[in-house]
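1. compute the structure for the input listed below.
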Amino acid sequence: MLPFLKRLAGSAQALALVLLPAAAAGQQTVDMPGEDRALAGQIEDLWSVGVAEGADHEMFSNVAAVAFDTDGYLYVADRDNGRVQVFDRDGSFVRQIGKKGQGPGELGQPLALTLTADGKIVVADVGRGAFSIFTRDGEFERNVLFGAAVGPFVRQMHYHSGGGVVVPGARFRFGGGGPGPGGGASEKQAILHHDLAEGSEARVVYEADAPQMQVRTSGSADNRTVMVSAPPVFAPDVDWAVLPGGGLIVSNGVEYAITVVSPDGQVSHRLARPIEARPVSEADREAAREQRRQAMSSGQGMIRVEANNGNRSTSVGGSASDAMIRRALENMNFAETVPAIQDIETLPGGRIWVIRAPDAGVDAGPIDVIDADGTYRGTLPAGTTVPVAFASDGRAAYIERDEWDVAQVVVRRLPAAWR
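-> Residues are numbered from 1 along each chain as shown. Got it, this is the predicted structure:
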């Protein structure tokens with residue numbers, strides 16, 4: 001997913017109202033060089049899965065998430081088919097995990113996927129509002145409800161080296177049946193650790209300032225309409241990723257600055273490069289409008305939460321009407337500045353990819369490859385596609401569409417210098 005689309009899709013997300021002490025002033029900052037140094041290397045194509053017509057296991061309805069296990073097997077969350085497909089290192093089909101439905105071991109809308117440190121397969125099923133947990137062999141173990149702190153859906157999920165998963169908290173919460181005491185939108189984005197034990201609650205590891213969301217309500221307590229306005233386009237989002245040892249990296253401002261957080265939630269240090277944010281241009285606005293139009297037309301990023309007599313259901317996808325799209329485009333607000341950092345990713349070996357803003361538009365800019373201690377390794381050129389999953393042996397997975405608009409997962413090997 002392109003960095004801007006990720007921001008667009010995640011604009012309705014986030015979190016529990018738990019305040020942590022602010023980081024101490026004068027925290028150490030590691031300044032990296034300002035001049036880019038090109039990284040050489042060629043990506044090697046290995047294999048792909050996904051066809052318009054073929055065997056059932058290779059026809060994907062909507063690829064929502066991809067992950068590798070420690071043996072290099074590939075796991076593909078096939079959202080609308082309610083299943084996870086497993087392929088070996090050569091791309092041969094191994095097994096299917098789950099099937100569409102609401103029974104034990106069945107999946108409604110799998111939206112995120114990861115494998116825990118002890119080899120369990122965890123699927124974030126927004127149709128059920130729970131983490132569905134399977135063994136390495138695909139046997140169903142249990143469901144663990146997301147809980148109020150996590151919210152109704154999970155788009156981003158990573159394993160934690162100490163067990164369990166790390167997910168974003170819900171920024172919008174209901175209280176007493178609707179926004180009010182105990183509810184509303186938070187100005188913080190929580191990053192949560194859930195140990196996946198039955199009956200346990202997610203705990204806050206770290207919180208970062210987030211763009212403000214506006215919440216408007218109307219109607220009675222029994223029939224209340226809630227309208228949540230996303231932050232302005234190009235406003236600095238909270239981008240984060242998990243380091244191999246259980247720490248975090250977080251970016252949430254317009255400047256080129258990354259906060260490194262230790263596993264206990266304390267700020268260790270910050271990484272910075274003298275690369276400035278740039279003003280938003282009219283070309284940026286037009287590109288953003290077109291991208292939102294395409295996303296709403298295809299259903300990408302569309303999430304519906306329906307409440308009836310206290311029962312709440314969540315669904316994903318479904319295209320918007322022309323009238324809804326027109327109103328959405330007319331009501332788009334824009335920040336004045338494009339943040340220097342668009343997204344951040346961590347690789348299994350601990351290396352960090354920092355996706356910078358492009359010179360214009362909403363596509364990916366250059367990618368800096370750095371270490372958590374602030375060692376700058378080099379920069380990949382603008383337009384380099386960011387994988388959706390990384391394996392420990394240097395392979396990476398990409399979600400793409402062929403000339404017939406058929407979803408595919410393509411596996412490639414990254415050059416050593418990139419990882």
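2. which residues in the stretch 201-350 of the chain form strands?
-> 203-209, 214-219, 224-229, 239-242, 248-251, 257-261, 267-272, 278-279, 303-308, 311-316, 337-338, 341-346 (DSSP state E, counting those that start in this stretch).
3. give me the contacts around the last one.
-> Right, strand 341-346. Contacts made with strand 341-346 from outside it, assessed by C-beta atoms under 8 Å, 6 or more residues apart in numbering, are listed as 3-4, 6-7, 239-244, 249, 251, 256-258, 352-357, 364-365, 386, 390. C-beta here means a position set from N, CA and C on the backbone, and glycine is covered the same way.
4. ChimeraX command to pick out the buried ones of those?
-> Restricted to buried positions by 16 or more other C-beta atoms under 10 Å, the ChimeraX selection for these reads:
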select :3,4,6,7,239,240,241,242,243,249,251,256,257,258,352,353,354,355,356,357,364,365,386,390
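5. need the contact partners of the strand or helix carrying Gly378.
-> Element membership for Gly378, per DSSP states H and E: strand 376-380. Applying C-beta under 8 Å, 6+ apart, the contact partners of strand 376-380 are 32-33, 36-39, 273, 351, 366-371, 417-418.
6. now the most centrally placed residue in the chain: how far from Asp343?
-> Nearest to the mean C-alpha position of the chain, by C-alpha atoms, centre = their mean, lies Gln156 at 3.6 Å. Note on Gln156: its distance to Asp343, by C-beta to C-beta, to the nearest Å, is 11 Å.
7. got it, and Val205?
-> Per C-beta to C-beta, Val205 is found 20 Å from Asp343.
8. Gly247 now?
-> Plainly put, Gly247 is 18 Å away from Asp343 if you go by C-beta to C-beta.
9. with Asp209 instead?
-> Asp209 is 18 Å from Asp343, where distance means C-beta to C-beta.
10. which of the two has more neighbours?
-> When Asp209 and Asp343 are compared for neighbours, Asp343 comes out ahead with 22 against 13, by other C-beta atoms under 10 Å.
11. bridging residues for the more buried one?
-> Ile355 (DSSP bridges).
12. now the longest helix anywhere in the chain: how far from the chain's centre is it?
-> Taking DSSP state H as the criterion, the chain has its longest helix at helix 282-298. On the basis of C-alpha atoms, centre = their mean, to the nearest Å, helix 282-298 sits 20 Å off its chain's mean C-alpha point.
13. next one: stretch 39-50
-> 23 Å.
14. what comes into contact with it?
-> Contact partners of stretch 39-50, identified using C-beta under 8 Å, 6+ apart, comprise 58-60, 63, 74, 76, 85, 87, 90-91, 93, 369, 377-380, 395, 400, 402, 406-418.
15. next one: stretch 392-412
-> With contact meaning C-beta under 8 Å, 6+ apart, stretch 392-412 is reached by 1, 43-52, 60-63, 66, 68, 70, 72, 74, 76, 91, 348-349, 385, 387-391, 413-414, 416, 419.
16. pull out the buried positions in that stretch.
-> Across stretch 392-412, burial judged by 16+ other C-beta under 10 Å covers Gly394, Arg395, Ala396, Ala397, Tyr398, Ile399, Ala407, Gln408, Val409, Val410, Val411, Arg412.
17. and that stretch, how far out from the chain's middle?
-> 17 Å.
18. so Val354 is in contact with Ala364, correct?
-> No: taking C-beta atoms under 8 Å as the definition, Val354 is not a contact partner of Ala364, at 11.2 Å.
19. and stretch 268-282, how far out from the chain middle?
-> 21 Å.
20. pLDDT on that stretch, on average?
-> Averaged over stretch 268-282, pLDDT sits at 96.
21. pLDDT below threshold where in the stretch 151-300 of the chain?
-> Applying pLDDT under 70 to the stretch 151-300 of the chain flags the ranges 173-184, 214-229, 299-300.
22. please tell me how far Asp195 sits from Ala149.
-> From Asp195 over to Ala149 the distance is 13 Å, taken as C-beta to C-beta.
23. the more surrounded of the two?
-> Ala149 (20 against 15).
24. gap between the more buried one and Glu345?
-> 25 Å.
25. and Ala64, by the same measure?
-> Distance from Ala64 to Glu345, counting by C-beta to C-beta: 18 Å.
26. compare neighbour counts for these two and give me the winner.
-> Neighbours were counted for Ala64 and for Glu345 using other C-beta under 10 Å; Ala64 has more, 25 against 18.
27. just read off the phi/psi values of the more buried one.
-> phi -90, psi -30 (degrees, to the nearest 10).
28. ok, for it, nearest residue in space, not its chain neighbours?
-> Using C-beta to C-beta, 6 or more residues apart in numbering and skipping residues adjacent in sequence, the residue nearest Ala64 is Arg79, 3.9 Å away.
29. quick check: the one you found touching Ser61?
-> Yes: assessed by C-beta under 8 Å, Arg79 is found in contact with Ser61 at 6.5 Å.
30. between the two, which one's more packed in?
-> Legend: neighbour count by other C-beta under 10 Å for Arg79 and Ser61, higher for Arg79 (24 against 14).
31. tell me the spacing between that one and Gly91.
-> Distance from Arg79 to Gly91, by C-beta to C-beta: 21 Å.
32. picking that back up, now do the longest helix of the chain: which elements does it pack against?
-> helix 3-9, helix 322-330 (3 or more C-beta pairs under 8 Å, 6 or more residues apart in numbering; DSSP states H and E).
33. lowest average confidence across these, which one?
-> Sorting the helices and strands packed on helix 282-298 by mean pLDDT places helix 3-9 lowest, at a mean of 46.
34. quick check: can you name the pairing partners of the very next helix or strand once past that helix and their directions?
-> Next in sequence after helix 3-9, counting helices and strands by DSSP H and E, comes strand 29-31. Strand 29-31 pairs in its sheet with strand 267-272 (parallel), by DSSP bridges.
35. can you measure across stretch 192-203, start residue to end residue?
-> In stretch 192-203, first residue to last residue: 5 Å (C-alpha to C-alpha, to the nearest Å).
36. off-centre distance for that stretch?
-> Using C-alpha atoms, centre = their mean, the offset of stretch 192-203 from its chain centre is 19 Å.
37. how about it: buried residues?
-> Neighbour counts using 16+ other C-beta under 10 Å place Leu192, His193, His194, Leu196, Ala202 of stretch 192-203 among the buried residues.
38. His158 reaches Ala241, doesn't it?
-> Yes: counting by C-beta under 8 Å, His158 does reach Ala241; the two are 7.1 Å apart.
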